[in-house]
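Novice: my questions are about this predicted structure, shown below with the sequence.
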Amino acid sequence: TIVVFGSTNVDVVAYSDRLPRPGETVHGSGYSIGLGGKGANQAVAVARLGGAVELAGRTGVDAFGTLARERLHHFGVGTSHLLPDPAAATGIAVIGVDARAENCITVVGGANMAVDASDADRLAPVLAQARVLLLQLEVPLAPALAAAKAVRAVGGRVVLDPAPAPAEPLPDEVWRNVDVMTPNETETEALVGIRPVDIPSAARAAAALTERGLPVALVKMGAHGVYWRSAEGEGHIPAFKVTAIDTVAAGDCFNGGLAFALARGDALPDAIRFASACGALATTKRGASDAAPALDEVEALLRQ
Ligand code: ADP
């Protein structure tokens, strides 16, 4: 099993010609309401590939919580460990998008931020079965770390997507209890102070990441591909050439694909190629969870 311990949100997106200024009201041309949150998006990405996946975390007991659960069931994500918390509201992201696809986003963590040590304790039986645990930074770090230790104790691997970029340095314990980190350009700069703009700077950033004790660093650079470094070696894996129309959730599909490939036993470079194909395909469709590719689409791109 792949376990994702992370956030579940509902995204409320309003489209308008231009974004409102403070105090102003603008007329929008349409809106959408859908499943979001990095945890949920990554879990859906695994499920779309056909992987067995459980999403752990919390939602509120409210209309948005019901909506999120319905979408997760629709995609085949297990929710037995997604706690309904009557004391908190389901997490939301309120998103404005203008005609140039510029956006502004307010995320209200709600129930995601109520995740605590008791959640990690409750997860013990499922963590004991996990081949891969996928983490992000949208739920509190302490329970996520407790889960990481539990999975490693049974020989599973822990993948941390350090997103959104942390405002403060990650504690030493994180670097010591995670197997793979997958920062994008912004997150890499926040973590090690080096912005990966080309292969030499990405190599320096990857070296700085592994110097902290991290076994595997994967620096994601959008259309510029991925730079990886581990004890076995390092290298650059170019991105697949696709016509990108919406890069939302490319990183989430990359991470879901990586977990899927590692769980079935792919060697690291193969798993990165597989994940890159998932990320590339996600940019060819609009939306977050709706953009996640199916296994046959990924295999077709890998054969090209
Ligand atoms: P994030 O969404 O976290 O910012 P990236 O933008 O780096 O992450 O995207 C994650 C992965 O998706 C990339 O490493 C790459 O494999 C793939 N990807 C993203 N954008 C493109 C693109 N324009 N063309 C091809 N692949 C892409």
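Specialist: Here it is on my side, so go on.
Novice: so who does the residue positioned nearest the centre of the chain touch?
Specialist: The C-alpha lying nearest the average C-alpha coordinate of the chain belongs to residue 252 (Cα atoms, centre = their mean; 3.8 Å). Residues counted as contacts of residue 252 (Cβ atoms under 8 Å, 6 or more residues apart in numbering) are 38, 41, 42, 45, 161, 282, 288, 292. (Each C-beta comes from the backbone N, C-alpha and C, glycine too.)
Novice: what is the end-to-end distance of stretch 95-115?
Specialist: End-to-end distance for stretch 95-115: 24 Å, by Cα to Cα, to the nearest Å.
Novice: now it: how far from the chain's centre is it?
Specialist: 15 Å (Cα atoms, centre = their mean, to the nearest Å).
Novice: how about the residues of the stretch 151-300 of the chain near the ligand?
Specialist: For the stretch 151-300 of the chain, the contact set with the ligand under Cβ under 6 Å from any ligand atom comprises 163, 184, 220-223, 226, 239-240, 242, 244, 247, 250-251, 254, 276, 279-280, 283.
Novice: got a ChimeraX select line for the buried ones in these?
Specialist: Buried residues among those (16 or more other Cβ atoms under 10 Å), as a ChimeraX selection:
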select :163,184,220,221,222,226,239,240,250,251,254,276,279,280,283
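Novice: ok so, going back, need the per-residue pLDDT for the residue nearest to the centre of the chain.
Specialist: Residue 252 is assigned a predicted lDDT (pLDDT) of 97.
Novice: repeat that for residue 286.
Specialist: pLDDT, residue 286: 83.
Novice: and it, what is it in contact with?
Specialist: 245, 246, 248.
Novice: go again using 10 Å as the cut-off
Specialist: 32, 245, 246, 248, 249 (Cβ atoms under 10 Å, 6 or more residues apart in numbering).
Novice: before we move on, what about residue 150?
Specialist: 3, 120, 121, 123, 124, 126, 127, 128, 130, 133, 156, 158.
Novice: so it sits in a strand?
Specialist: No: under DSSP: H, G, I helix; E, B strand; the rest coil, residue 150 sits outside any strand and is assigned helix.
Novice: indicate the residue of the stretch 51-200 of the chain located nearest to the ligand.
Specialist: Of all residues in the stretch 51-200 of the chain, the one sitting closest to the ligand is residue 184 (3.6 Å; Cβ to the nearest ligand atom).
Novice: which pLDDT value does the model give residue 247?
Specialist: Predicted confidence (pLDDT) for residue 247: 85.
Novice: so it is in which element?
Specialist: In the assignment (DSSP states H and E), residue 247 maps to no helix and no strand.
Novice: give me phi/psi at it?
Specialist: phi -90, psi 0 (degrees, to the nearest 10).
Novice: highest neighbour count among the contacts of residue 286?
Specialist: Top of the contacts of residue 286 by neighbour number is residue 249, holding 27 neighbours under the definition other Cβ atoms under 10 Å.
Novice: do you know how far the closest residue to that one other than its chain neighbours is from residue 247?
Specialist: Closest residue in space to residue 249, ignoring its immediate chain neighbours: residue 288 at 4.1 Å, by Cβ to Cβ, 6 or more residues apart in numbering. Residue 288 sits 11 Å away from residue 247, going by Cβ to Cβ, to the nearest Å.
Novice: show me the common contact partners of those two, please.
Specialist: Joint contacts of residue 288 and residue 247 (Cβ under 10 Å, 6+ apart) are residue 282.
Novice: contacting residues for residue 146?
Specialist: 5, 116, 117, 119, 120, 121, 123, 124, 127, 177.
Novice: for my notes, confirm it occurs in a strand.
Specialist: No: Residue 146: not assigned to a strand; according to three-state DSSP it is helix.
Novice: from residue 221, how far off is it?
Specialist: In terms of Cβ to Cβ, residue 146 sits 32 Å off from residue 221.
Novice: hey, where'd the strands end up in the stretch 1-150 of the chain?
Specialist: 2-5, 9-16, 28-36, 53-60, 82-85, 91-97, 103-108, 132-135 (DSSP state E, counting those that start in this stretch).
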